[in-house]
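>>> Take this sequence and fold it.
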Amino acid sequence: MLEHLTKETFKEKVFNFEENKDWKFEGNKPCLIDFYADWCQPCKMVAPILEELSKEYEGKLDIYKVDTEDQQELAGMFGVRSIPSLLFVPMDGQPQMSQGALPKDSFQNAIKDVLKVSIEN
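Residues are numbered from 1 along each chain as shown. The predicted structure follows:
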């Protein structure tokens, strides 16, 4: 089961935006954050793919979900205007946002290219 982030857990595990102006990743492994809403059909299509990826990349990558209805401040902070929006957060460097439902192979390519994580490693 993927972990749902609130403002408080987001600050602990991803970025403490109240203490830092510049991006400073708080996690101990790269992560992917799915900004979604329960009523969103494309979000429902992405959900099982993310569940599969969380099993395939277990221990190498954290996958989180942020409910944009419940956590409007987090969604606003990242300029989320359409959902699903997916934030790829590497250990070093700036996070990158992708919008729209992606097929599984696109997720795998982004995980490899942006997050520098592969199943083989």
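>>> going forward, measure contacts and count neighbours with C-alpha atoms only.
Noted.
>>> and L50, how many residues sit next to it?
21 (other C-alpha atoms under 10 Å).
>>> Make sure it is actually in contact with D62.
No: L50 is not in contact with D62 according to C-alpha atoms under 8 Å; the separation is 10.5 Å.
>>> count of neighbours near Y36?
Y36 has 25 nearby residues by other C-alpha under 10 Å.
>>> Regarding it, what are the backbone dihedral angles?
Per-residue torsions, Y36: phi -140, psi 180 (degrees, to the nearest 10).
>>> List the contacts of it.
Y36 makes contacts with C43, K65, V66, D67, T68, I83, P84, S85, as judged by C-alpha atoms under 8 Å, 6 or more residues apart in numbering.
>>> Also A110?
The contact partners of A110, taken as C-alpha under 8 Å, 6+ apart, are F88.
>>> Likewise for the one 4 residues further on?
V114 sits next to F88, V89, P90, Q96 when contact means C-alpha under 8 Å, 6+ apart.
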